[in-house]
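Q: Sequence and predicted structure below; questions after.
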Amino acid sequence: MTEQVLVERRDNVLLITMNRPDARNAMTLAMSERIAAAVDELDSDDTLSAAVLTGGASAFCAGMDLKGFLRGEKPSVPGRGFGGITQRPPVKPLIASVEGWALAGGFELVLACDLVVAAETARFGLPETKRGLVAAAGGLFRLRERVPANVALELILTGDPIDASRLHRFGLVNRLTETGAALREALELAQAIAANGPLAVAASKRVFAEAPDWARDERFERQAPITGPISATNDAREGAAAFAEKRRPEWTRS
């Protein structure tokens with residue numbers, strides 16, 4: 001049987017590929033569990049710095065496998081959510097590479113990622129209301145954080161799709177590519193992140209994620225325990241030395 005999720009290393013980037021092209025990568029429980037295991041590997045392996053999640057050349061993910069749903073299967077991992085990441089994304093950066101459709105839970109997977117690279121022909125949508133369901137895998141609150149609230153509400157209530165170029169104008173899509181080039185661009189973006197100090201990247205992502213919950217007058221106090229220790233690390237000294245010596249830094253995560 002063909003593996004439903006393929007996982008491979010590209011240097012210090014983990015590539016996670018949903019692999020049910022005949023079903024537009026509709027999510028199964030087995031796929032969710034494999035993706036969850038892959039992001040656990042990402043976060044626990046010091047030789048990995050970032051990951052790319054893709055559905056291949058034809059589609060990103062059409063959401064939940066409705067045939068499995070009718071059999072009583074829910075493609076959600078306890079404590080992790082739909083696709084193994086919507087409730088608890090990885091600590092390290094995760095980039096979505098989107099070709100074709102990203103629908104329902106598939107769009108919610110995109111919204112759980114930190115950055116998005118999409119082909120100009122990619123299409124996104126939360127059509128749950130058309131099926132008598134709700135976008136309960138994070139779409140109802142994450143979408144309004146990434147696009148204007150009135151646009152998010154229109155997408156949620158009508159269930160109609162939106163194209164990648166419009167989401168790029170709103171800022172949800174970081175990089176827009178020609179058809180077939182999303183994965184190459186996403187891997188280049190991941191490598192640009194992976195070239196940086198891993199401790200600094202982790203601390204920066206953590207502050208970025210947590211700061212919206214901090215009171216405005218507490219922000220510097222709250223970030224200090226996270227960012228302060230970074231300047232005393234060997235990596236911080238290595239970064240400064242590499243800059244002065246005009247060479248690539250050699251990070252030790254210490």
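A: Received, thanks. Numbering: from 1, shown residues only.
Q: in the chain, what spans have low per-residue confidence?
A: Regions of the chain meeting the criterion pLDDT under 70 cover residues 1.
Q: Per the annotation, how does it divide into domains?
A: 5-194, 198-245 (automatic domain parsing).
Q: tell me the most buried of the ones you listed?
A: Each of those was scored by mean neighbour count; the highest is domain 5-194, a mean of 20, by mean count of other Cβ atoms under 10 Å. Just so you know, the C-beta spots here come from the backbone N, C-alpha and C atoms, and that holds for glycine as well.
Q: how long is it end to end?
A: Domain 5-194 has an end-to-end distance of 23 Å (criterion: Cα to Cα, to the nearest Å).
Q: next one: stretch 22-29
A: End-to-end distance of stretch 22-29 (Cα to Cα): 17 Å.
Q: chain center to that stretch: distance?
A: Offset of stretch 22-29 from its chain centre (Cα atoms, centre = their mean, to the nearest Å): 18 Å.
Q: can you redo the domains of the chain as TSV with distance to R253?
A: Shown next, in TSV, are these (distance: least, Cβ to Cβ, whole Å):
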stretch	distance to R253
domain 5-194	5
domain 198-245	5
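Q: As a check, name the ranges of all strands in the stretch 151-254 of the chain.
A: Secondary structure of the stretch 151-254 of the chain (DSSP state E, counting those that start in this stretch): strands located at 162-163, 175-177.
Q: D217 is nearest to which of these?
A: When the strands of the stretch 151-254 of the chain are compared by Cβ to Cβ, strand 175-177 sits nearest D217, at 35.6 Å.
Q: Could you list the residues in contact with that closest one?
A: V116, V117, A118, A119, E120, A164, S165, H168, R184, E185, A186, L189 (Cβ atoms under 8 Å, 6 or more residues apart in numbering).
Q: May I have the residues that are in contact with the last one?
A: Residues in contact with L189, defined by Cβ under 8 Å, 6+ apart, are I95, L115, V117, N174, R175.
Q: In the stretch 101-250 of the chain, what residue spans correspond to helices?
A: For the stretch 101-250 of the chain, the helices defined by DSSP state H, counting those that start in this stretch occupy 105-112, 139-146, 149-158, 164-170, 182-194, 198-210, 219-227, 234-245.
Q: on contacts alone, who are the packing partners of the third one?
A: Counting contacts by 3 or more Cβ pairs under 8 Å, 6 or more residues apart in numbering; DSSP states H and E, helix 149-158 packs against helix 139-146.
Q: and the helix it packs on, how far from the chain's centre?
A: Relative to the chain's own centre, helix 139-146 is displaced by 14 Å; criterion: Cα atoms, centre = their mean.
Q: Using PDB, write down the CA coordinates of it.
A: The C-alpha trace of helix 139-146 is given here as PDB (Å, rounded to 0.1, in the frame of the first residue of the first chain):
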ATOM      1  CA  GLY A 139     -10.400  28.300  11.000                       C
ATOM      2  CA  LEU A 140     -13.000  30.400  12.800                       C
ATOM      3  CA  PHE A 141     -10.400  32.300  14.800                       C
ATOM      4  CA  ARG A 142      -7.100  31.900  12.900                       C
ATOM      5  CA  LEU A 143      -8.500  33.300   9.600                       C
ATOM      6  CA  ARG A 144      -9.500  36.600  11.100                       C
ATOM      7  CA  GLU A 145      -5.900  36.900  12.500                       C
ATOM      8  CA  ARG A 146      -4.500  36.700   8.900                       C
END
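Q: Just say helix, strand or coil for I16.
A: strand (DSSP: H, G, I helix; E, B strand; the rest coil).
Q: Cool, thanks, talk later.
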